[in-house]
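Engineer: predicted model, plus sequence, below.
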Amino acid sequence: MSELVKSPAIGDESPVPATPAAPEATPKQLTQWGEIRHRFVQNKLAVVGLVIISLLFITAIFGSMFTPYDPGAQDLENTLASPNAAHWMGTDALGRDMFSRLIAGTRVAMFVGLASIFFAVLIGVALGAIAGYFAGFADTLVMRIADVFLAFPLMIGAVVIILVTGRGITPVIISLAVFSWATVSRLLRSSILSVREMDYVHAAKALGASGGRIVRTHILPNSLTPVLVYATFNVGTTIIGVAALSFLGAGVPVDVPEWGNMLAAGQAFIGVHDYLWLYPSFFVVVTVLGFAFVGDGLRDALDPKLR
């Protein structure tokens with residue numbers, strides 16, 4: 001029965017029911033992904049990096065819609081023009097618009113960087129899962145092959161492959177992927193070695209699940225965190241590799257608007273027309289920083305010690 005209290009009105013003795021106290025609000029419990037998202041957003045540099053990467057993707061996809069000139073169009077009567085109203089970032093030695101070429105170079109850098117990392121992760125995850133779960137001879141064989149690829153410096157190995165196959169976007173992607181998968185396989189193998197001893201893995205074995213099913217449904221989803229972080233970091237490293245190969249004359253063809261090609265063309269004008277190398281350098285640095293910031297934020301957000 002509700003508790004009765006006196007009415008505050010004078011002379012009114014009729015009882016009125018007391019207002020029940022409002023229940024205390026319980027704090028909302030975040031899901032695992034909600035906690036990860038919350039920790040990521042708390043990292044201001046990670047948010048900045050995410051904005052940079054988003055702008056790069058938008059530029060790569062829709063950039064051709066707002067470039068004022070054809071990136072390959074030459075105007076030999078307007079060569080080496082300083083930045084002006086008609087050419088916001090000037091023109092190069094062949095009269096090509098620098099702004100249009102930088103936008104087109106964004107598409108090349110993002111495509112080559114992401115494609116090479118995709119194939120490196122694909123190969124590394126497949127071989128790392130075999131080595132980590134099945135162990136024994138498979139582990140020894142995969143790790144020794146990985147050691148061979150790790151013994152080659154990335155740039156030297158990539159140059160060798162490109163010299164054999166010829167310059168082009170596809171050879172660059174293949175060469176960078178071939179010399180990047182070994183680190184992925186080692187990271188995944190180390191993670192699987194600890195996950196495979198968990199109780200839920202032994203329970204799946206006891207229920208008769210096949211090795212392939214256990215790897216796909218129980219082990220890989222709980223072992224990919226270090227690979228995801230590494231892949232995010234390494235996209236920036238790969239973009240530097242693409243630019244470096246082109247700068248050395250072993251990357252994409254010289255007629256392709258790519259940041260490394262633009263740096264190579266601008267080195268002859270250092271101290272005279274510095275915008276020719278400053279703008280491509282700026283794009284490379286900002287892109288690499290964007291992926292580094294996001295990778296750092298993912299590492300902190302996915303760290304189980306913070307949960």
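Structural biologist: Received the coordinates, thanks. Predicted model only: the values in this text are computed from it and were never measured.

Engineer: please name the nearest non-neighbouring residue to the most centrally placed residue in the chain.
Structural biologist: Against the mean C-alpha coordinate of the chain, by CA atoms, centre = their mean, the closest residue is residue 232 at 3.1 Å. Excluding its sequence neighbours, the residue lying closest to residue 232 (CB to CB, 6 or more residues apart in numbering) is residue 295, at 3.9 Å. (Glycine included, C-beta is placed from N, CA and C.)

Engineer: surely that neighbour meets residue 237?
Structural biologist: No. In this structure residue 295 lies outside contact range of residue 237 using CB atoms under 8 Å: 10.1 Å.

Engineer: before we move on, back to that, just say helix, strand or coil for the residue nearest to the centre of the chain.
Structural biologist: Counting by DSSP: H, G, I helix; E, B strand; the rest coil, the backbone at residue 232 sits in helix.

Engineer: hmm, who's touching the helix or strand hosting residue 158?
Structural biologist: In the assignment (DSSP states H and E), residue 158 maps to helix 154-165. Helix 154-165 has contacts (CB atoms under 8 Å, 6 or more residues apart in numbering) with 149, 171-172, 174-176, 178-180, 241, 244-245, 248, 250-251.

Engineer: for it, output the C-alpha coordinates as PDB.
Structural biologist: Extracted in PDB, the C-alpha atoms of helix 154-165 (Å, rounded to 0.1, in the frame of the first residue of the first chain):
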ATOM      1  CA  LEU A 154      62.300  -4.700 -49.700                       C
ATOM      2  CA  MET A 155      63.500  -2.100 -52.200                       C
ATOM      3  CA  ILE A 156      66.300  -4.300 -53.600                       C
ATOM      4  CA  GLY A 157      64.000  -7.300 -54.000                       C
ATOM      5  CA  ALA A 158      61.400  -5.100 -55.700                       C
ATOM      6  CA  VAL A 159      63.900  -3.600 -58.100                       C
ATOM      7  CA  VAL A 160      65.100  -7.100 -59.100                       C
ATOM      8  CA  ILE A 161      61.600  -8.300 -59.900                       C
ATOM      9  CA  ILE A 162      60.700  -5.100 -61.800                       C
ATOM     10  CA  LEU A 163      63.900  -5.400 -63.900                       C
ATOM     11  CA  VAL A 164      62.900  -8.900 -64.900                       C
ATOM     12  CA  THR A 165      59.200  -8.200 -65.600                       C
END
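
Engineer: so what's the residue nearest to the centre of the chain up against?
Structural biologist: 291, 294-295, 298.

Engineer: dump the residues you listed to CSV, plus secondary structure and pLDDT.
Structural biologist: Output for the contacts of residue 232, formatted as CSV (DSSP: H, G, I helix; E, B strand; the rest coil; pLDDT from 0 to 100):
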residue, secondary structure, pLDDT
291, helix, 96
294, helix, 95
295, helix, 93
298, helix, 91
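
Engineer: who wins for most neighbours among the residues you listed?
Structural biologist: residue 294 (26 neighbours; other CB atoms under 10 Å).

Engineer: thought residue 49 was touching it, still the case?
Structural biologist: Yes. Contact criterion CB under 8 Å: residue 294 and residue 49 qualify, at 4.1 Å.

Engineer: circling back: report the buried members of the contacts of helix 154-165.
Structural biologist: The neighbour-count test (16 or more other CB atoms under 10 Å) marks 149, 171-172, 174-176, 178-180, 241, 244-245, 250-251 as buried among those.

Engineer: tell me how far the residue nearest to residue 192 when sequence neighbours are not counted lies from residue 105.
Structural biologist: Using CB to CB, 6+ apart and skipping residues adjacent in sequence, the residue nearest residue 192 is residue 132, 3.0 Å away. Counting by CB to CB, to the nearest Å, the gap from residue 132 to residue 105 is 39 Å.

Engineer: mind checking which of the two has more residues around it?
Structural biologist: residue 105 (29 against 26).

Engineer: enumerate every residue touching that one.
Structural biologist: Per CB under 8 Å, 6+ apart, neighbours of residue 105: 257-259, 262, 280, 283.

Engineer: same check on residue 127?
Structural biologist: Residue 127 touches 142, 145-146, 181, 185, counting by CB under 8 Å, 6+ apart.

Engineer: now the buried ones among the contacts of helix 154-165 as TSV including distance to residue 67?
Structural biologist: Converted to TSV, those look like this (distance: CB to CB, whole Å):
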residue	distance to residue 67
149	39
171	27
172	23
174	29
175	29
176	27
178	33
179	33
180	31
241	26
244	25
245	25
250	27
251	22
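
Engineer: in helices, which of those residues appear?
Structural biologist: 149, 171-172, 174-176, 178, 241, 244-245 (DSSP state H).
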